[in-house]
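In: Below: sequence and its predicted model.
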Amino acid sequence: MALLDVQHLTQFFGGLRAVSDFNIQLEQGEIVGLIGTNGAGKTTVFNVITQNIVGRKTYQITQAGIARTFQNIRLFSKSSVIDNIKIAYHFRMSYGNTDAFLHTRKYWQGEQLVDDYAIDLLRLFHLEGHAEDVSGSLPYGAQRRLEIARALATKPKLLILDEPAAGMNPAEADELMEMIHWLRDKFDLTILLIEHQMRVVMGVCERIKVMDFGETICEGVPEYIRNDPRVCEAYLGKGA
Amino acid sequence: MTFLRTHRTLATVIAFVLAYVIIKVLSILPLNNGDPLLNAYYIQLIMLAGINIVMTVSLGMVNGFTGQFSIGHAGFMAVGAYTSAMITTVWLHTSTANPWVGYPVFIVAILAGGLLAAAAGYLVGAPSLRLKGDYLAIVTLSANELIRTVIRVTEVLGGPRGLGGIPKFTTLEIVFVFAVVSVVLMRNYLFSSHGRSMKAVRDSEIAAESTGINTTRQKVFVFVFSAFFAGVSGGVFAHLLQFIHPDNFSFMKSLEYLIYLYVGGSTSISGAIVGPAIFTLLPELMRGLQKWRLVIYPLILILTMIFRTEGIMGLKEFSFILIPQHQRKEVSA
């Protein structure tokens, strides 16, 4: 039984077929990459999975266990680092509106619980020293880590990373690759990622799907993808 | 002091009681050539300031902390004012003679006014908050004028003549109790998981949705309780002035609250207290300047917005408003 099973996904934007007949099965514990040139439809696939499953709202999809990060980081930039984590915990919060207005015992218990949880999570990402800082003021790499930590605070089964290595130098990208493996093992996750840096994709993914103009052109282990003529053609053009 | 650090409601209450005591003393001690410094007129002004504080803090919940743009807050005030006035004046003929009957009816009346205003808030907010963007501004502006116009043409409510003969229940004490209860409730809500989601919606609605927050529900709930407090403020207001007129609640009135909020600091409860407090009393304090005060007042507004773009308080809060962070146990890594 696959963790996520997408079949015959097609998305139109007006007359443009952005994605056509996309299929993917993710097994528990896999790290799968989705690559392709600009405009190939990767982000559209992501958005459909995380925002557009028929009959479900975005927040319900997250509550069901699919969490994501964004290509251009979207933190709650005016809130503190620890509040970013606590916000992701909100839908699990044990107290309701009345407790919030009256600051009942239940409120204090809930706050204590979420504070402990959030600081523990921050510690894992080496962000505990910044807990009270405004998240928008963090350095870029730390913001990336915080966004991943925030996604994990929703306790997902499937983590979807949209270009996690964007804007990273090789050293930072190496760290990221290590972190992705560590995340999978530590949090018992399945990970799907879009990435442009081939070194990262080839280094971290166990299985890769290649898209071009909305079509899936190739799928397999990194070694296979690397040597596939269709992939070379998509990236470099015919006759290259 | 450690006790005050953990009992934040008490800290806020103490701050308000101190303010009350100072005002009360100044209204009794004959410091001004045998007269008290604060005469009945000033006391009335201070009561209006108190009502304006609750209006502004509740508006700040929607505009400042949830990042929506509501510009018809006076409409909900009108709903509360007329509802409560109808209950005490027309239906129950409550007179002030017997406080044992009067005050319970008054309290029920203002709460009923708040609930009806909340219902109106739901009708306005539920459809328009589902949409992203500036629809709420148009809808609240229209709702404000709609409510005012409906009152104008409704004969039972006094129509264009206004509604008079409302018993005077609102005293300085009532205003203080009302203000402190309202501010504490809204402050508590803001310093909770729900308050954090409000700010998340403001910072990035897309990210808030994708962290599992039902943003529409959160926005509608805040809008509804904001309308509730506006409604109750309207009730307290009506029983202070004893005469209400539809034009008391026009868009210009809503605009006043927006000015109080943004000058005070929209992302700070303290700002929403300081703004109306200063700008309700300021025109009076400038009385000596005579007609020049109409020049000075807007000038002060402009200068404030130039030199303090985020309002007088910015992001800061008075210490009696803040809920301190939890004491964390130090854990060695």
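Out: Sure, I can see it. Numbering: from 1, shown residues only, chains lettered A, B, ... in the order given.
In: how about stretch A:188-195 as CSV, C-alpha atoms only?
Out: What follows is stretch A:188-195, C-alpha atoms only, in CSV (Å, rounded to 0.1, in the frame of the first residue of the first chain):
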residue,chain,number,x,y,z
ASP,A,188,10.1,8.5,10.0
LEU,A,189,9.2,10.6,7.0
THR,A,190,8.6,10.1,3.3
ILE,A,191,10.2,13.0,1.4
LEU,A,192,9.3,14.4,-2.0
LEU,A,193,11.5,17.2,-3.4
ILE,A,194,11.9,19.5,-6.3
GLU,A,195,15.4,20.6,-6.9
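In: Residue B:321 and residue B:12 touch, don't they?
Out: Yes - under the criterion of C-beta atoms under 8 Å, residue B:321 makes contact with residue B:12 at 6.6 Å. (Each C-beta comes from the backbone N, C-alpha and C, glycine too.)
In: hey, what's in contact with both of those two?
Out: In terms of C-beta atoms under 8 Å, 6 or more residues apart in numbering or on different chains, residue B:321 and residue B:12 are both contacted by the residues B:183, B:187.
In: Tell me the helix or strand right after the least confident helix or strand in chain B by mean pLDDT.
Out: Least confident helix or strand, chain B: helix B:2-6 with a mean of 59, by mean pLDDT, DSSP states H and E. Sequence-wise, the next helix or strand downstream of helix B:2-6 (DSSP states H and E) is helix B:8-28.
In: outside of that next one, which residues touch it?
Out: A:103, B:3-5, B:36-39, B:42-43, B:46, B:172-173, B:176, B:179-180, B:183-184, B:187-188, B:318-324.
In: hang on, residue A:39 in a helix?
Out: No - remark: residue A:39 does not belong to a helix; assigned using DSSP: H, G, I helix; E, B strand; the rest coil, it is coil.
In: ok, residue A:195 touching residue A:33?
Out: Yes - with contact defined as C-beta under 8 Å, residue A:195 reaches residue A:33; the gap is 6.2 Å.
In: Show me the common contact partners of those two, please.
Out: With C-beta under 8 Å, 6+ apart as the test, residue A:195 and residue A:33 both reach residue A:201.
In: And residue A:175, which helix or strand is it part of?
Out: helix A:170-187.
In: got the contact list for residue B:29?
Out: By C-beta under 8 Å, 6+ apart, residue B:29 lies in contact with B:36-37.
In: I meant to write residue B:316 there.
Out: Applying C-beta under 8 Å, 6+ apart to residue B:316 gives the contacts B:265, B:268, B:270.
In: For the second one, list the residues it contacts.
Out: The neighbours of residue B:268, taking C-beta under 8 Å, 6+ apart as the test, are B:60, B:64, B:311, B:313-317.
In: let's go with 10 Å and repeat that
Out: Applying C-beta atoms under 10 Å, 6 or more residues apart in numbering or on different chains to residue B:268 gives the contacts B:60, B:64-65, B:261, B:274-275, B:310-318, B:321.
In: The helix or strand harbouring residue B:216 vs chain A: in contact?
Out: Using DSSP H and E, residue B:216 falls within helix B:215-241. Yes - counting by C-beta under 10 Å from any C-beta of the partner chain, chain A has neighbours in helix B:215-241: B:215-218, B:221, B:225.
In: For those residues, which single residue is the most surrounded?
Out: residue B:215 (23 neighbours; other C-beta atoms under 10 Å in any protein chain shown).
In: what sits against that one?
Out: Residue B:215 makes contacts with A:57-59, B:66, B:129-130, B:132, B:197-198, B:200-201, B:205-209, as judged by C-beta under 10 Å, 6+ apart.
In: Can you tell me the closest non-neighbouring residue to residue A:173?
Out: residue A:165 (4.8 Å; C-beta to C-beta, 6 or more residues apart in numbering or on different chains).
In: what about that neighbour, neighbour count?
Out: Residue A:165, neighbours per other C-beta under 10 Å, totals 24.
In: Can you classify it as helix, strand or coil?
Out: Residue A:165 - assigned by three-state DSSP - is coil.
In: Would you check that it makes contact with residue A:144?
Out: Yes - with contacts counted by C-beta atoms under 10 Å, residue A:165 reaches residue A:144, the gap being 8.8 Å.
In: Identify the contacts common to those two.
Out: Between them, residue A:165 and residue A:144 share the contacting residues A:172, A:176, judged by C-beta under 10 Å, 6+ apart.
In: Which pLDDT value does the model give the residue of chain A positioned farthest from its centre?
Out: Here chain A has its C-alpha centre computed as a mean, and the residue farthest from that point, by C-alpha atoms, centre = their mean, is residue A:102 with 36.4 Å. If you check residue A:102, the pLDDT there is 91.
In: Tell me where chain A has strands.
Out: For chain A, the strands defined by DSSP state E cover A:4-13, A:16-26, A:31-36, A:66-68, A:158-162, A:190-194, A:207-212, A:215-220.
In: hey, which of the ones you listed is tucked in deepest?
Out: Most buried of the strands of chain A, by mean neighbour count (mean count of other C-beta atoms under 10 Å in any protein chain shown): strand A:66-68, with a mean of 26.
In: So for stretch A:105-125, mean pLDDT?
Out: Per-residue scores along stretch A:105-125 average to 93.
In: so, in contact with chain B or not, it?
Out: Yes - using C-beta under 10 Å from any C-beta, stretch A:105-125 comes into contact with chain B via A:107-108, A:110-112, A:114-116, A:119-120, A:123.
In: and what of stretch A:49-63?
Out: Yes - using C-beta under 10 Å from any C-beta, stretch A:49-63 reaches chain B at A:50-51, A:57-63.
In: Generate a ChimeraX selection restricted to the buried entries among these.
Out: Applying 16 or more other C-beta atoms under 10 Å in any protein chain shown to the residues of stretch A:49-63 next to chain B, the buried members can be selected in ChimeraX as follows:
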select /A:50,51,58,59,61,62,63
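In: Pull out the buried residues from the helix or strand harbouring residue B:295.
Out: In this assignment (DSSP H and E), residue B:295 forms part of helix B:293-307. The neighbour-count check on helix B:293-307 (16+ other C-beta under 10 Å) flags B:293, B:300, B:304 as buried.
In: thinking again about what came up before, pull out the buried residues from the contacts of residue B:268.
Out: Among the contacts of residue B:268, those buried by neighbour count (16+ other C-beta under 10 Å) are B:60, B:64-65, B:261, B:274-275, B:311-313, B:316-318, B:321.
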